[in-house]
Structure formats: structure tokens, C-alpha cells
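Engineer: task: produce atomic coordinates for the following.
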Amino acid sequence: MPRVVHFEIPAEDPKRATAFYESVFGWKFSAFGGQDYWLAKTGDTGEPGIDGAIMKRNDPKQPVTNSISVPSLDEYAKKVEAAGGKMVVPKQAIPAAGYYAYFTDPEGNIQGLWENNAEAK
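Structural biologist: Residues are numbered from 1 along each chain as shown. Predicted structure coming up:
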């Protein structure tokens, strides 16, 4: 069964946001991908919970999003649309990691799909 495996928190000032979450919750951050994207380690691996990221806000209405791990992004994109959702950001690769895309559900909520694949190009 696909599960939520990652979250993204948009911020006008990612450094200010990372400082806040580090100060309040003790989260640890590391830069990723040469852009304003900071991976968040929110706890020990064996404990319940997920890790995520703080990113530069791309749109004033950009919400916090969750990414759901799926075995085939292409297959689940079809399922999303067949069930009344809409793909809003097409499949894109993160080299040597996997693929992601974003969709809206019938209620207008934006979520991500993640396909882990070390062969992504």
C-alpha cells in the first residue's frame, strides 16, 4: 500500500524557516540539489515519522505538500486521473534517485507522487 514518505514546506525565506524548525523541534537540515531546497531530518530512523524538506516558495498560494511513494509513477498518474484527480506537474527525474510529479485530488489538495528509482535520468 503506498504511504506518505516525504513532506515539503514552502517558505519565502528558507534559511529563516530552517532556523525556526531547528530551534523549536531540533530538526537537522542539509542543502540538496544546488538550489534553495533543504532536506529535513526530523528524527531517528527507527522512530515513527517521516523526513521532508523546506523549499523556496514558488507561488504565493503554494501549500505544504506530502509525497506518496508508489511503485510506478506512470501507473498511479493514470489511477489519479481515473478517480477524478488531475496531474498538475508532470513526471520529472531526480538523477540517481527517482521520479516525482504532483497532482490535485478532487477536493483541490495538491500532493506528490514519488517513484524511487536509482536509474532515474
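Engineer: okay, and the closest residue to residue 18 other than its chain neighbours sits in which element?
Structural biologist: Closest residue to residue 18 apart from its sequence neighbours, by Cβ to Cβ, 6 or more residues apart in numbering: residue 29 at 4.5 Å. The C-beta positions use only the backbone N, C-alpha and C, and glycine is treated the same way. For residue 29, the element it lies in under DSSP states H and E is strand 28-31.
Engineer: please save the CA atoms from that strand in PDB.
Structural biologist: Taking Å, rounded to 0.1, in the frame of the first residue of the first chain, the C-alpha atoms of strand 28-31 are listed here in PDB:
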ATOM      1  CA  LYS A  28      18.600  18.900  11.200                       C
ATOM      2  CA  PHE A  29      18.900  20.300   7.600                       C
ATOM      3  CA  SER A  30      21.200  19.800   4.700                       C
ATOM      4  CA  ALA A  31      21.300  21.600   1.300                       C
END
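Engineer: just how off-centre is that strand within its chain?
Structural biologist: Computed by Cα atoms, centre = their mean, to the nearest Å, the chain-centroid distance of strand 28-31 equals 15 Å.
Engineer: buried ones in that strand?
Structural biologist: residue 29 (16 or more other Cβ atoms under 10 Å).
Engineer: quick one: strands adjacent to the helix or strand following that strand?
Structural biologist: Downstream of strand 28-31, the next assigned helix or strand under DSSP H and E is strand 37-41. When pairing is defined by DSSP bridges, strand 37-41 lines up against strand 28-31 (antiparallel), strand 51-56 (antiparallel).
Engineer: how about JSON lines for these, with mean pLDDT added?
Structural biologist: Listed next are the strands paired with strand 37-41 as JSON lines, based on pLDDT from 0 to 100:
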{"stretch": "strand 28-31", "mean pLDDT": "96"}
{"stretch": "strand 51-56", "mean pLDDT": "96"}
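Engineer: distance to residue 8 added to the ones you listed, as a markdown table?
Structural biologist: What follows is the strands paired with strand 37-41, written out as a markdown table (distance: least, Cβ to Cβ, whole Å):
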| stretch | distance to residue 8 |
| --- | --- |
| strand 28-31 | 13 |
| strand 51-56 | 5 |
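Engineer: just the strands in this protein please.
Structural biologist: With strands called from DSSP state E, the chain shows them at 4-11, 28-31, 37-41, 51-56, 65-69, 86-94, 98-104, 110-116.
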